[in-house]
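[1] For reference, the sequence and a predicted model appear below.
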Amino acid sequence: MNLNWNGKRVFVSGGAGVIGRELVQVLVSKGASVFVGDLKAMPAEWLGKVKYRQGDLNTLEGFEIESFSPEIFIHLAATFERSKESYDFWDENYNHNVNLSHHLMSVMKNCTSLSKVIFASSYLIYDPKLYLTDRLPEKAVNLRETDPIYPRNLTGVAKLSHEIELRFLNEFLGAKISFTSARIYRSYGLNSRDIISRWVRALLQGQEIELWGEDSLFDYIFARDVANGLLKICESSNDTIINLGSGKSKRVSEVIAVLKKHFPEAKIKNMAHSGAYECSQADLTQLQKSTGWVPEYSIETAIPEIIAFEKNRLTEKLEVSDFNVLITSASKKIPLLNQVKTSLKSFGKGKVFVGDVDPNCFAKYFADDFWQMPYMKDLTAQAVVDFCKSKNIKLIIPTRDGELNFWSKNREYFSDNSILVAISDLGAIENCFDKFEFFNFCKKKSIPAIPTYLSPDEMKDATTTRWVVKERFGAGSKSVGINLTYEQLAGHASQLENPIYQPYVAGKEISADAYVNLKGEVLGVVLRTRDVIVNGESQITTTFRDEKIEVKITDALKGFSFYGHVVLQAIIKEDSQLEIIEINPRFGGASTTSIKAGLNTFTWLMNEVQQGKNAVMQFDPIKSNLRQVRFAQDYVTTWL
């Protein structure tokens, strides 16, 4: 059958990988609505065309999927090494193959909209006795879907495990969801780590390549063919298991011969062969019967495309990798720390450092490393740079009002030393810290803020009969007196160091989390109600959508020189008018809610560490409203 892809909602895990990029490009061209999840940053050409979630999909939650309502799930996300895997692959395979596949299907199986699952399995699940030999192979062995299985390595085990999980789910959900595992052979393609791409990259740079086992036979299939094959299977097949290869194996020596045509001066070192020869090839009988399709590319037609791609890539700027992050004034900010650690997984094997003047700060027990920082009065920019360079720290996230001025004053110096600080312009910080100057600034910029006075006498002519008094500097929600009579103002003000006075505004009090990128663009806004407040912070908070309010807040934020995460507090009056109370230019205590809602602050910061103003980022808000309840939790660990 020919599936009409126009408007089809498709979730693709691992969609920014070698096969995934080919697949998503075709899906978009066919008019499908595509949601991609991947550790990698979103490709620039997808901006505005797909819904994108960058990060570890082991943290994907049901509400993220439910708000998209996928009809088709194509599961490509996986990790792998060469056929002989390293000792360190033990945990990586479990986390990003075994656990990931199980977690994603645990989330997906409850989607009432889901009708089809396609899993990218592997031929590595077949018994290697079928296709490995100690003798020089004369021809390849056709592997059929019904052949004996005995996984060759950990990757093969993970693939087989999930095939069996899908078979289990099919027993219970088969009436409404079809499950297909496509056993993919030796895939190679653009921007890949496969051996053909590695050879091409080396030859373009005039390097010698090593040739091992030139007589082995592999079924190489171009990633574009894999992508098209998966779509054909999705359209036509009801098979639970199906081979996806080229069906035409090539000796390694034949691949080298094709490369020599493009690189006549190639330096090739033949290495002494040891171990078994491989001679595998996909039997495509079932694929052809189910889809009427066969792969189009051969080694001869695909290699020129890889060469052209790699030539172009040589001119591109290399990305920073495996950088570390420092969170300052970390104290008890464990939820913030955990979100940073989750985001950093998308960028390699970096570590999260926490800094604090307190040697017993709680956060150090949850971080990868700890820096006992000097007090701000003793801290120098040079000391920060020296520490960061010694620890490969490329991103600093300040978290306390009292330190923001220091980081802002020195941010250009840090930038000159390749350290990005998530900090706004000094003027913006000072305007936000001083509530009286904040109002005056907003008034000049026509930003709707609550009138603020230094003396209650200045308010006598105001129409309101109820008042608010709070501290002029810092967090205005601490020690605040709300809904006071004029006669009560003096009594409360006497308890404050620098009181300011405002008319009491009735309405719904909200917080708005926002992210401003290096270009000064407001990337996204998440609104939330402040349901239960303790010591000025929301202990229970609920997100909601109101496009008119979001636009007003976006416009207000453009009047400041912010960078990174900011938290705005405001009152929405009965006539839907907005009155801004204050803006805090840092990540807030309850701001982790906004990350769950799609405001990927820390991932975006890390993208900007790598790519600066060229970073490609897109805000895809969750449609569902979310409620966060903050509570204490015990943590027990071994100790020496």
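    It's in. Numbering: from 1, shown residues only.

[2] contacts, neighbours, all on C-alpha from now
    OK.

[3] Tell me where the stretch 501-640 of the chain has helices.
    Here the stretch 501-640 of the chain has its helices, by DSSP state H, counting those that start in this stretch, at 547-557, 592-596, 601-611.

[4] Packing partners of the shortest one?
    Contact partners of helix 592-596 among helices and strands, from 3 or more Cα pairs under 8 Å, 6 or more residues apart in numbering; DSSP states H and E: helix 334-344.

[5] which helices and strands does whichever helix or strand comes after the helix it packs on pack with?
    With elements assigned by DSSP states H and E, the helix or strand that comes after helix 334-344 is strand 352-356. With contacts taken as 3+ Cα pairs under 8 Å, 6+ apart, strand 352-356 sits against strand 324-327, helix 334-344, strand 369-372.

[6] Tell me which strands strand 352-356 pairs with, and in which orientation.
    Counting by DSSP bridges, the strands paired with strand 352-356 are strand 324-327 (parallel), strand 369-372 (parallel).

[7] circling back to that earlier point, out of the helices of the stretch 501-640 of the chain, the one nearest Leu3 is which?
    Across the helices of the stretch 501-640 of the chain, Leu3 has its closest neighbour in helix 592-596 (33.5 Å, Cα to Cα).

[8] If you count neighbours, what's buried in the closest one?
    Buried residues in helix 592-596, counting neighbours by 16 or more other Cα atoms under 10 Å, are found at Thr592, Thr593, Ser594, Ile595, Lys596.

[9] coming back round to it: hey, which of the helices of the stretch 501-640 of the chain is tucked in deepest?
    Ranked by mean neighbour count, the helices of the stretch 501-640 of the chain are led by helix 601-611 with a mean of 23 (mean count of other Cα atoms under 10 Å).

[10] Show me how far that helix is from its chain's centre.
    10 Å (Cα atoms, centre = their mean, to the nearest Å).

[11] Residues contacting it, please?
    41, 54-55, 319-321, 339-340, 343-344, 346-347, 394-395, 419-420, 422, 515, 518, 564-565, 595, 614-617 (Cα atoms under 8 Å, 6 or more residues apart in numbering).

[12] let's go with 7 Å and repeat that
    For helix 601-611, contacts defined as Cα atoms under 7 Å, 6 or more residues apart in numbering pick out Glu319, Val320, Val340, Ser343, Lys394, Leu395, Leu420, Tyr515, His565, Ile595, Ala615, Met617.

[13] can I assume Glu471 is in contact with Gln502?
    No: with contact defined as Cα atoms under 7 Å, Glu471 does not reach Gln502; the gap is 11.1 Å.

[14] you'd agree Ala302 is in a helix?
    Yes: assessed by DSSP: H, G, I helix; E, B strand; the rest coil, Ala302 belongs to a helix.

[15] where's Glu550 relative to Asp620, distance?
    Per Cα to Cα, to the nearest Å, Glu550 is found 14 Å from Asp620.

[16] ugh, typo on my part, it should be Ala223
    If you go by Cα to Cα, the gap between Ala223 and Asp620 works out to 28 Å.

[17] Please, where are all the helices along the stretch 201-350 of the chain?
    So, for the stretch 201-350 of the chain - with DSSP H, counting those that start in this stretch - the helices run 223-236, 252-262, 285-291, 299-313, 334-344.

[18] how about these in TSV, adding distance to Asp575, mean neighbour count and mean pLDDT?
    Shown next, in TSV, are the helices of the stretch 201-350 of the chain (distance: least, Cα to Cα, whole Å; neighbours: other Cα atoms under 10 Å; pLDDT from 0 to 100):
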stretch	distance to Asp575	mean neighbour count	mean pLDDT
helix 223-236	51	22	96
helix 252-262	71	16	96
helix 285-291	59	17	95
helix 299-313	55	16	95
helix 334-344	35	19	96
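
[19] Any chance of JSON lines for those helices, columns distance to Arg186?
    Compiled in JSON lines, those are given as follows (distance: least, Cα to Cα, whole Å):
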{"stretch": "helix 223-236", "distance to Arg186": "9"}
{"stretch": "helix 252-262", "distance to Arg186": "12"}
{"stretch": "helix 285-291", "distance to Arg186": "17"}
{"stretch": "helix 299-313", "distance to Arg186": "12"}
{"stretch": "helix 334-344", "distance to Arg186": "30"}
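
[20] coming back round to it: quick check: which of the helices of the stretch 501-640 of the chain is nearest to His273?
    It is, among the helices of the stretch 501-640 of the chain and with distance given as Cα to Cα, helix 601-611, at 40.7 Å.

[21] Output the below-cut-off pLDDT ranges for the protein.
    Applying pLDDT under 70 to the chain flags residues 1, 315-320, 460-462, 475-478, 640.

[22] redo that, cut-off 50
    For the chain, the stretches flagged by pLDDT under 50 are 317-318.

[23] Output the longest helix belonging to it.
    Looking across the chain with DSSP state H, the single longest helix is helix 154-173.

[24] Out of the strands paired with strand 352-356, which one sits most buried?
    For those, average neighbour numbers computed from mean count of other Cα under 10 Å are highest in strand 324-327, which has a mean of 24.

[25] which residues of the stretch 101-250 of the chain fall in strands?
    Listed in chain order, the strands found in the stretch 101-250 of the chain under DSSP state E, counting those that start in this stretch are 116-122, 132-133, 141-143, 178-184, 186-188, 209-211, 217-218, 220-222, 241-244, 250-251.
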